[in-house]
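> dropping the sequence and predicted coords here.
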Amino acid sequence: MRRALDEAAQAARAGDVPVGAVVLGPGGALLATGHNEREATGDPTAHAEILAVRRAAAAVGEWRLSGCTLVVTLEPCTMCAGALVQSRVARVVYGARDEKAGAAGSLWDVVRDRRLNHRPEVIHGVLEDACSAQLTAFFRDR
């Protein structure tokens, strides 16, 4: 999560909402990183999770990220939660809950919806205070 927090700080320095993500391989090796780049790229899908998953898929050479773990500073939104289900990640670890748009247990629970074909394990609250503080500071300064 500390590496994801570093990624989030990069997003904030670029004027984007500070969300950072990393994808770890089945053995725990770092496969890819990402941070929000919506402002930098003008791409509404350039969320930290989407970018990290795309880069991880490129690193392993296929779209299935079986056995992989995505670690992200903020609970994934519905778009990102859908991408995590589609990419077959084994586990999603997040720091801060997102009561307004979270789709991994707060507002919705897309990643664990029994109607879908894949349901990753979800671990929440990892370094939650640090993740929340980073977001709060960013929006306070705005």
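Ah, there it is. Numbering: from 1, shown residues only.
> any chance you could map the helices in this structure?
2-13, 38-41, 48-60, 78-87, 128-141 (DSSP state H).
> got a list of what the residue nearest to residue 82 when sequence neighbours are not counted touches?
Counting by CB to CB, 6 or more residues apart in numbering, residue 110 is the residue found nearest to residue 82 once chain neighbours are left out, at 6.2 Å. Heads up, the C-betas are built off the backbone N, CA and C, glycines and all. When contacts are counted by CB atoms under 8 Å, 6 or more residues apart in numbering, residue 110 is found next to 78, 81-82, 85, 103-104, 116.
> go again with 6 Å.
With contacts defined as CB atoms under 6 Å, 6 or more residues apart in numbering, residue 110 is in contact with 78, 81, 103.
> the first one - nearest residue in space that isn't next to it in sequence?
Counting by CB to CB, 6+ apart, residue 103 is the residue found nearest to residue 78 once chain neighbours are left out, at 4.4 Å.
> so what's that neighbour up against?
Taking CB under 6 Å, 6+ apart, one finds 76-78, 81, 110 in contact with residue 103.
> what pLDDT is listed against it?
Among the per-residue scores, residue 103 shows a pLDDT of 97.
> off-centre distance for stretch 95-110?
When C-alpha coordinates are averaged (CA atoms, centre = their mean, to the nearest Å), stretch 95-110 and its chain have centres 12 Å apart.
> quick one: buried residues of that stretch?
95-98, 102-108, 110 (16 or more other CB atoms under 10 Å).
> quick one: those residues as JSON lines, columns for distance to residue 134 too.
JSON lines is the format used below for those (distance: CB to CB, whole Å):
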{"residue": "95", "distance to residue 134": "9"}
{"residue": "96", "distance to residue 134": "8"}
{"residue": "97", "distance to residue 134": "14"}
{"residue": "98", "distance to residue 134": "13"}
{"residue": "102", "distance to residue 134": "16"}
{"residue": "103", "distance to residue 134": "20"}
{"residue": "104", "distance to residue 134": "18"}
{"residue": "105", "distance to residue 134": "20"}
{"residue": "106", "distance to residue 134": "18"}
{"residue": "107", "distance to residue 134": "21"}
{"residue": "108", "distance to residue 134": "23"}
{"residue": "110", "distance to residue 134": "24"}
